[in-house]
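K.L.:
Let me see the structure of the following:
(chains A, B, C, D, E and F)
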There are 4 protein chains.
Amino acid sequence: MTPTTDSKGERPMRRDAARNRERLLDAAAEVFAESGLQGTVEDVARVAGVGMGTLYRRFPTKEALIDALVSAILDDILRDARVARDAADGQGLRDFLVAVGERQAHRHGQLPRIWGAERHAEPTRKIQAEIAALLADAQEHGRVRADAVPADIFAAIWSLRGVTESTRGVAPDAWRRHLEILLAGLEPSHAPLTYEPLARDVVERLPAR
Amino acid sequence: MTPTTDSKGERPMRRDAARNRERLLDAAAEVFAESGLQGTVEDVARVAGVGMGTLYRRFPTKEALIDALVSAILDDILRDARVARDAADGQGLRDFLVAVGERQAHRHGQLPRIWGAERHAEPTRKIQAEIAALLADAQEHGRVRADAVPADIFAAIWSLRGVTESTRGVAPDAWRRHLEILLAGLEPSHAPLTYEPLARDVVERLPAR
Amino acid sequence: MTPTTDSKGERPMRRDAARNRERLLDAAAEVFAESGLQGTVEDVARVAGVGMGTLYRRFPTKEALIDALVSAILDDILRDARVARDAADGQGLRDFLVAVGERQAHRHGQLPRIWGAERHAEPTRKIQAEIAALLADAQEHGRVRADAVPADIFAAIWSLRGVTESTRGVAPDAWRRHLEILLAGLEPSHAPLTYEPLARDVVERLPAR
Amino acid sequence: MTPTTDSKGERPMRRDAARNRERLLDAAAEVFAESGLQGTVEDVARVAGVGMGTLYRRFPTKEALIDALVSAILDDILRDARVARDAADGQGLRDFLVAVGERQAHRHGQLPRIWGAERHAEPTRKIQAEIAALLADAQEHGRVRADAVPADIFAAIWSLRGVTESTRGVAPDAWRRHLEILLAGLEPSHAPLTYEPLARDVVERLPAR
DNA sequence: GATGAATGAGTTTTCATTCAT
DNA sequence: CATGAATGAAAACTCATTCAT
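P.N.:
Residues are numbered from 1 along each chain as shown, chains lettered A, B, ... in the order given. Presented below is the predicted three-dimensional model:
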């Protein structure tokens, strides 16, 4: 396994530096989950158990820290999608949405940035490609209506975001039942959709926050 | 029509005071739509065309201003629900969700607080009662599955919120297609839902961010 | 006399605001004279007897405060030049250099910015025009060598700057004797100068610090 | 030639240590010339190609590094003065001022400290002695007015400093023409100077910065 | 009352210096 | 010893709230 690299992706970091980087990302996730993105960098540093300077050595601005966090989540989601492609019988799409729901439920606080694609166009594009494949597979197996497009799956993700964001703290699993309803709505044999789907490239230009 | 009252709901306000109140609420809606809730009170006062002192005479804190804004929206939504009860053939629920979608699409910025029910338990309860009636009506007309409960309709609202928030600015109508899918999922003749619905009172305790 | 206006030069400021503006400029002059430009804005605010917010209401950044200070000095110097034109017998140039020497001696700390013309091209140009007139007058009266150009007078000013900067605190009048020597060197009947003078427009492009 | 010694001037340093010392001084000169004295020690270390620890092993504080740099320049200037004594016909003083002008033009950034003699009284004293000799020689040859004193030559140096500092980057040779005027002012047969010269010992107490 | 200037605690960011690897 | 990561005090700047005019 390749060692963690710094933000410019160059030579590997010293072991202690890499450990601090991870600690900082974990701490940031915790603090932002608690207080939203206006949680302070000072709190992040304290929770990580490092000094302010260490945080700023690793991440040149607070924004960079948030971006790194979001990148990590998007990478996880991309991995989820690739894992889901192994599912049999066109079940991959459902598996993927469940995985995304879980990630979002654990990462509230960062949600507004995760789907602010204008800062993360590349991973978003890759995820979109995976979604297209998962969707096609599900459609071939007759599990999903023919008029659904990848943008509808993104909408489903944002939908789960809305539910997790509203229920966070008090009902961490509320999104699961909502997803059941959504998936039912995506099954075949419904009246055709009347509104136009979102253009493919719009997904890559979503505003951050 | 009863004259506007001040925040403590006591004697009616002088005419110009009431006008300032409205101006400030409009300005706040505009500023928060633009910049989110971290928009500054100074901006609000400037857009309203009044001084800071006037703002603070009307609303003792920024929180109070936001609360007033949210209350107004919740009142609007409650009114939407009551209007929707006049719809024929169990279409009221659908009409209501469309109305809420439109309100949310026009009021992003305040969304996180709108469904932070712990500060607005009473109007939320009233809305919940209306939703229960709309849902029962839709179920009686065979338009909505029997295992849906009012909390599922709330989830649908949060779901729309998630879509409007993600697409704001770039695709203001994306939520309409998503709602079609959601409503399809709420139709009868689907496999029964396996996850438990949200307890009725949880809706009233949602965290305000 | 027209009341002080804010930095955008629009409508007049409230009396107390104008007073604070003056206080802040005085305090800044004092603090920067003491500690150089790395004197802190907090010190400036404290010396002025106002809060940080007041400073930042008047001057949006520390740079803006420094610029305002420099502008005021340049305005003073321009006024000195115009006053000097009233001097009889071609003595105006000497009077002007004495005046500039005094200003610089009282405003050390800001010196590097005063002659960083790239940020203050307009007043610098006006001063240059006045210097050209004073120089021509002095030359007509046979007090200054014919091969001197306005840039040489600027060099004399920077020269005084060098002396005041080096001797500040310990010998506040050292520049006066140095100026006598310089003026002697500018008298007629010396061997002609062999190095080319500075191009006229270079003076307006001097780097700030 | 005696080997370089460490900052306490004791036993000679190992060869590689001495090389690091030189590298650091060169790097510091470069960085400070670029950014002034607020250039960072981290930049110095990077330009020198060594780690921070090495820098701090060689120089216990940033101040010590600056002092070492200034000492080196003052040593160079002292050497310039001694070389100038070999000049024939009382030209040594002029040669010396040209040499100092060149050094200053190449070492802006450190200028404020070079002539902050309170930290470098000893070399300053030695330079003063050399200047006294050069001046006497020039006066004996009838090249310089009889009422000039060594402090006037220091003032000339600070004067050149003022010109180089103001014109740095845009007119690296502007000081040469200014020096011609200054030397003209130092020639005999001018009206006697009316302001008292600087006391001899003041030169040794100039404030650092 | 209305106005908008003043307040100051809180936030992000920098950088000389120290210390683990 | 050399390295470069870690430290944390200090600096610039923001903004909800108060108060003089």
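K.L.:
Now look at the helix or strand of chain A with the lowest mean pLDDT and say if it contacts chain B.
P.N.:
When each helix and strand of chain A is scored by mean pLDDT, DSSP states H and E, helix A:111-114 comes last, with a mean of 86. Yes - residues of helix A:111-114 are located near chain B by C-beta under 8 Å from any C-beta of the partner chain, namely A:Pro112. Backbone N, C-alpha and C define where each C-beta goes, glycine included.
K.L.:
ok, and what's touching that helix?
P.N.:
A:37, A:66-67, A:69-70, A:73-74, A:104, A:107, A:119, A:161, A:164-165, A:208-209, B:165 (C-beta atoms under 8 Å, 6 or more residues apart in numbering or on different chains).
K.L.:
helices or strands next to the helix or strand following that helix in the packing?
P.N.:
Next along the chain after helix A:111-114, taking DSSP states H and E as the criterion, comes helix A:121-140. Counting contacts by 3 or more C-beta pairs under 8 Å, 6 or more residues apart in numbering or on different chains; DSSP states H and E, helix A:121-140 packs against helix A:62-84, helix A:92-106, helix A:150-167.
K.L.:
So which of the ones you listed is nearest DNA strand F?
P.N.:
Ranking the helices and strands packed on helix A:121-140 by proximity to DNA strand F (C-beta to the nearest atom of the strand) places helix A:62-84 first, at 12.7 Å.
K.L.:
Buried residues of that closest one, list them for me.
P.N.:
A:62, A:65-74, A:77-78, A:80-82, A:84 (16 or more other C-beta atoms under 10 Å in any protein chain shown).
K.L.:
pretty sure A:Leu74 contacts A:Ile127?
P.N.:
Yes - assessed by C-beta atoms under 8 Å, A:Leu74 is found in contact with A:Ile127 at 6.9 Å.
K.L.:
Can you name the helix or strand that whatever residue of chain A ends up closest to DNA strand F falls in?
P.N.:
Nearest residue of chain A to DNA strand F (C-beta to the nearest atom of the strand) works out as A:Gly53 at 1.8 Å. Element membership of A:Gly53, judged by DSSP H and E, is helix A:52-58.
K.L.:
hmm, that helix touching DNA strand E?
P.N.:
Yes - among the residues of helix A:52-58, A:Met52, A:Gly53, A:Tyr56, A:Arg57 lie within reach of DNA strand E under C-beta under 7 Å from any atom of the strand.
K.L.:
residues near the last one, how many?
P.N.:
Going back to what we said before, that points to A:Arg57. A:Arg57 sits with 15 neighbouring residues when counted by other C-beta atoms under 10 Å in any protein chain shown.
K.L.:
related to what we said a few turns ago, also near chain C: which of the contacts of helix A:111-114, exactly?
P.N.:
Within the contacts of helix A:111-114, nothing lies near chain C by C-beta under 8 Å from any C-beta.
K.L.:
what stretches of chain A score poorly on pLDDT?
P.N.:
A:1-14, A:209 (pLDDT under 70).
K.L.:
Closest residue of chain A to chain C?
P.N.:
A:Thr61 (18.2 Å; C-beta to the nearest C-beta).
K.L.:
count of residues packed around that residue?
P.N.:
10.
K.L.:
domain ranges for chain A?
P.N.:
A:1-60, A:70-205 (automatic domain parsing).
K.L.:
for those domains, which one ends up most surrounded?
P.N.:
Stretch with highest mean neighbour count among the domains of chain A: domain A:70-205 (a mean of 20; mean count of other C-beta atoms under 10 Å in any protein chain shown).
K.L.:
How about it and DNA strand E, any contact?
P.N.:
No - using C-beta under 7 Å from any atom of the strand, we find that domain A:70-205 stays clear of DNA strand E, coming within 13.2 Å at best.
K.L.:
need the contact list for A:Ser159.
P.N.:
When contacts are counted by C-beta under 8 Å, 6+ apart, A:Ser159 touches A:His178, A:Leu182, B:Ser159, B:Leu160, B:Gly162, B:Val163, B:His178, B:Leu182.
K.L.:
what about the helix or strand containing the first one and chain B, any contact?
P.N.:
When secondary structure is defined by DSSP H and E, A:His178 falls within helix A:174-186. Yes - contact between helix A:174-186 and chain B, assessed by C-beta under 8 Å from any C-beta, occurs at A:Ala174, A:Arg176, A:Arg177, A:His178, A:Glu180, A:Ile181, A:Leu182, A:Leu183, A:Ala184, A:Gly185, A:Leu186.
K.L.:
likewise stretch A:85-103?
P.N.:
No - against chain B, stretch A:85-103 shows no contacts by C-beta under 8 Å from any C-beta, the least distance being 11.4 Å.
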